[in-house]
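Q: just to be clear, the model below is a prediction. Sequence and coordinates:
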Amino acid sequence: MANSSPSSVNKHISETSSRCRTECVATAHNFEVTEYSLLEGMGIDKFVSSSTFSVGGYDWNIRIYPDGWNWKEEDKGAYMSVFLRICSKPTTGVKVKYTFSLLEKDGKVSCLYSETHTFQSGFWGCPKFIEKSKLKELLSRNDDCFTLRCVLTVMKEPRTEDVSTVIVQVPQSNLHTHFVNMLKDGEGMDVTFSVGGQQFSAHRCVLAARSLVFKAELFGQMKETAMKHIKIDDMDPSVFEALLHFIYTDSLPSDSDLDRNVELQHLLVAADRYGLDQLKAMCEGKLCQKIDVQTVATTLALAEQHHAAQHKDACLRHLSSQEVLRAVKETDGFKHLTASCPWIMMDILEKVAPPSGA
């Protein structure tokens with residue numbers, strides 16, 4: 001008889017799998033008791049009840065027995081009892097895990113009890129939850145009140161399910177590629193922008209979906225709503241082109257001009273103008289990496305005027321050295337900063353280290 005190795009025998013065996021899944025539902029109920037001392041002496045097996053609350057498709061409430069429940073003669077009146085009661089009538093047993101916590105005014109837990117039980121009906125809990133002597137001390141420092149917190153977890157019936165062993169490889173999202181093609185192909189474009197003598201076409205719906213400013217211009221009460229050709233002033237064509245690229249792709253174009261400080265500043269201004277917070281943050285991040293003596297003053301003015309908080313903080317940190325600040329004061333950018341944002345000087349003074357010996 002020919003011998004077969006284990007590897008050759010198992011090589012072509014098909015496999016199936018299954019899984020046992022157990023689910024649960026958890027809820028917490030807080031039962032506040034005030035002027036508790038008035039409840040003492042109501043008698044053995046006498047209780048006060050919380051309102052009814054639902055967990056896992058069943059109704060529950062909490063019972064507190066101030067003078068205890070069903071005590072032996074020697075334990076009568078020595079403990080406060082606490083029970084959980086199922087108000088519904090389940091057709092099968094309901095397995096639950098419940099925890100009782102006695103909370104003081106400051107949220108401190110003074111007593112804790114936890115148990116797992118399968119309820120068919122009736123109530124279940126802790127006859128000796130807390131001694132009366134300890135409870136009296138707690139009440140004296142909590143204005144005669146406490147909160148009983150019950151965290152109840154209802155466990156559903158376990159179920160077995162088949163598990164598919166077929167692994168389907170899901171391709172990476174190519175949504176951005178389709179939008180790039182929309183921008184390049186020009187199909188369906190219904191609005192044209194004139195920027196610095198150049199024409200840029202786009203889709204109204206895409207612009208409106210990405211920018212609330214564009215939405216107001218193209219679908220609101222503004223005059224641009226009915227226009228197919230819109231002129232944009234005070235913006236360089238390359239900046240608007242980068243803006244459109246971001247709107248369609250969620251990324252910056254791979255353009256070397258955007259590595260330059262001035263172009264990034266202009267793009268940040270455009271992003272702020274059209275409410276594109278993500279693009280604005282991307283520009284801030286790149287500008288923060290380019291801060292030096294010659295650019296810090298102009299970029300700080302830009303950050304202040306366009307509420308670029310992270311960029312502003314980076315500029316102020318750069319100016320925190322007195323040596324750097326002296327060099328920056330000699331630049332034209334600093335003159336522009338003091339003229340356009342004179343109040344920023346107070347922020348700079350707070351950052352600059354005091355002179356030695358001061």
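A: Here it is on my side, so go on.
Q: tell me how far the most centrally placed residue in the chain lies from Leu244.
A: Residue closest to the mean C-alpha point of the chain, counted by Cα atoms, centre = their mean, is Gln278 at 17.2 Å. To Leu244, Gln278 is 15 Å away according to Cβ to Cβ, to the nearest Å. Just so you know, the C-beta spots here come from the backbone N, C-alpha and C atoms, and that holds for glycine as well.
Q: what segments of the chain are helices?
A: Using DSSP state H, the helices of the chain run over residues 6-10, 132-140, 175-185, 204-210, 212-219, 237-249, 261-273, 277-288, 296-305, 309-318, 322-328, 332-340, 344-351.
Q: right, so those: which one is the most enclosed?
A: Highest mean neighbour count of the helices of the chain: helix 296-305, a mean of 23 (counted as mean count of other Cβ atoms under 10 Å).
Q: against which helices or strands is that one packed?
A: Judged by 3 or more Cβ pairs under 8 Å, 6 or more residues apart in numbering; DSSP states H and E, helix 296-305 is in contact with helix 261-273, helix 309-318, helix 322-328, helix 332-340, helix 344-351.
Q: mind doing that once more with 7 Å?
A: Helices and strands touching helix 296-305, by 3 or more Cβ pairs under 7 Å, 6 or more residues apart in numbering; DSSP states H and E, are helix 261-273, helix 309-318, helix 332-340.
Q: quick one: these as JSON lines, columns for distance to Trp124 and mean pLDDT too.
A: Putting the helices and strands packed on helix 296-305 into JSON lines (distance: least, Cβ to Cβ, whole Å; pLDDT from 0 to 100) gives the following:
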{"stretch": "helix 261-273", "distance to Trp124": "62", "mean pLDDT": "86"}
{"stretch": "helix 309-318", "distance to Trp124": "57", "mean pLDDT": "72"}
{"stretch": "helix 332-340", "distance to Trp124": "73", "mean pLDDT": "72"}
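Q: what would those helices look like in TSV with distance to Gln120?
A: Below are these laid out as TSV (distance: least, Cβ to Cβ, whole Å):
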stretch	distance to Gln120
helix 261-273	65
helix 309-318	61
helix 332-340	78
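Q: which among the ones you listed is found nearest to Lys76?
A: helix 309-318 (67.6 Å; Cβ to Cβ).
Q: closest one to Ser49 among the helices and strands packed on helix 296-305?
A: From the helices and strands packed on helix 296-305, taking Cβ to Cβ, the stretch that ends up closest is helix 309-318, at 54.1 Å.
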